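>>> predicted structure and sequence below. I'll ask about it afterward.
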Amino acid sequence: MTTSQPLCATYTLGEVQQGAPCCVPQPHIEVRDLAVSYAGKVVLSGVSLDINKGCITALIGPSGCGKTSFLSALNRMTDLIPACAVRGSIHIDGADIADTAVPVQTLRRKVGMIFQKPNPFPLSIRRNLELPLREHGVRQREVIAVKIERVLKQVGLWDEVHDRLDSPALALSGGQQQRLCIARALVLEPEILLMDEPCSALDPLATATVETLIRSLCNRYTVVIVTHNLAQARRVANYAAFFWMNERVGKLVEFGTCQALFETPQHEATQAYLSGLRG
């Protein structure tokens with residue numbers, strides 16, 4: 001990987017076409033010798049890689065190889081799982097996320113997460129976006145209104161819902177709900193977004209809309225996305241990390257630009273998985 005790639009301009013949802021914009025390799029998240037276990041059973045071990053700032057990184061590999069465990073460790077969602085232990089180190093902008101001097105709430109404001117199934121609160125569209133702002137101390141109505149309009153425009157929802165903000169969020173379509181959940185994460189102005197198969201519960205048309213949204217986030221946010229859809233990884237990501245099972249433990253096998261990993265994979269397991277021979 002070189003540092004000679006040009007830095008792209010900021011893209012809006014309507015401007016982004018096929019493929020993620022380019023980004024400059026600059027480590028934002030540094031992971032070293034990461035291991036995750038549940039009730040003493042190791043499910044992920046020995047993972048070391050740098051995730052670059054303002055880039056989209058796809059985590060690919062078969063089910064059960066530790067991709068979601070890796071993703072959850074990046075903002076300490078693993079803290080919420082009984083008997084889960086995380087070893088190794090994760091640094092964001094040089095700071096150790098395990099440092100108890102930094103409240104986990106502060107970490108999760110900086111590192112937002114989007115889940116596999118859309119999970120809007122059973123409240124109005126407006127309240128879904130107001131609630132996290134108020135929880136983090138934003139009280140002025142004018143400020144809240146500006147932030148809500150900004151993120152709804154950013155995810156391409158404003159024109160669809162601006163005249164029904166007080167309608168139930170659960171009345172939205174699945175694709176709209178997922179974009180609302182992304183807006184709910186963005187309203188707190190994070191630097192990093194973690195996405196765990198954000199399109200797996202969506203139909204093809206909604207998937208295409210969310211993929212376009214994800215590509216539009218490049219250069220403004222660092223995005224890490226788990227996906228089982230290899231074509232999706234190629235469409236949206238700048239980098240890809242391939243995970244595989246070795247003796248029933250998830251391992252990082254190969255990491256690089258999407259173009260290099262998909263076109264000239266270096267490991268035989270990567271070659272077999274991408275060709276459909278294994279996995």
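In hand now; what should we look at?
>>> how close does the residue nearest the centre of the chain sit to Tyr273?
When C-alpha atoms, centre = their mean is applied to the chain, the residue found nearest the centroid is Leu194 (2.4 Å). Distance, Leu194 to Tyr273, using C-beta to C-beta, to the nearest Å: 23 Å. In short, each C-beta sits where N, CA and C put it, glycine included.
>>> quick check: closest non-adjacent residue to Ser69.
With sequence-adjacent residues excluded and distances taken as C-beta to C-beta, 6 or more residues apart in numbering, Ser69 is closest to Val36, at 4.4 Å.
>>> contacts only, for the one you found.
Val42, Val43, Leu44, Gly66, Ser69, Phe70, Ala73, Thr78, Cys84, Ala85, Val86, Arg87 (C-beta atoms under 8 Å, 6 or more residues apart in numbering).
>>> try 10 Å this time
42-45, 47, 66, 68-70, 72-73, 78, 81, 84-88, 249-250 (C-beta atoms under 10 Å, 6 or more residues apart in numbering).
>>> which parts of the stretch 101-250 of the chain are helices?
Counting by DSSP state H, counting those that start in this stretch, one finds helices in the stretch 101-250 of the chain at the ranges 104-110, 125-135, 141-154, 158-161, 174-186, 204-216, 230-236.
>>> of all those, which lies closest to Pro118?
Ranking the helices of the stretch 101-250 of the chain by proximity to Pro118 (C-beta to C-beta) places helix 174-186 first, at 3.6 Å.
>>> which strands and helices sit next to the closest one?
Where contact means 3 or more C-beta pairs under 10 Å, 6 or more residues apart in numbering; DSSP states H and E, helix 174-186 is packed against strand 111-114, helix 125-135, helix 141-154, helix 158-161, strand 192-196, helix 204-216.
>>> in the protein, which helix or strand is least confident?
The helix or strand of the chain with the poorest confidence is helix 104-110; it has a mean of 92 (mean pLDDT, DSSP states H and E).
>>> going by neighbour count, list what's buried in it.
Leu107, Arg108, Arg109, Lys110 (16 or more other C-beta atoms under 10 Å).
>>> neighbouring contacts of it?
Contacts of helix 104-110 from elsewhere in the structure, counted by C-beta under 10 Å, 6+ apart, are 74-77, 79-80, 92-93, 95, 97-99, 102-103, 132, 135-136, 185, 188-192, 194.
>>> reformat the buried residues of helix 104-110 as JSON lines; add distance to Phe262.
Listed next are the buried residues of helix 104-110 as JSON lines, based on distance: C-beta to C-beta, whole Å:
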{"residue": "Leu107", "distance to Phe262": "32"}
{"residue": "Arg108", "distance to Phe262": "32"}
{"residue": "Arg109", "distance to Phe262": "34"}
{"residue": "Lys110", "distance to Phe262": "30"}
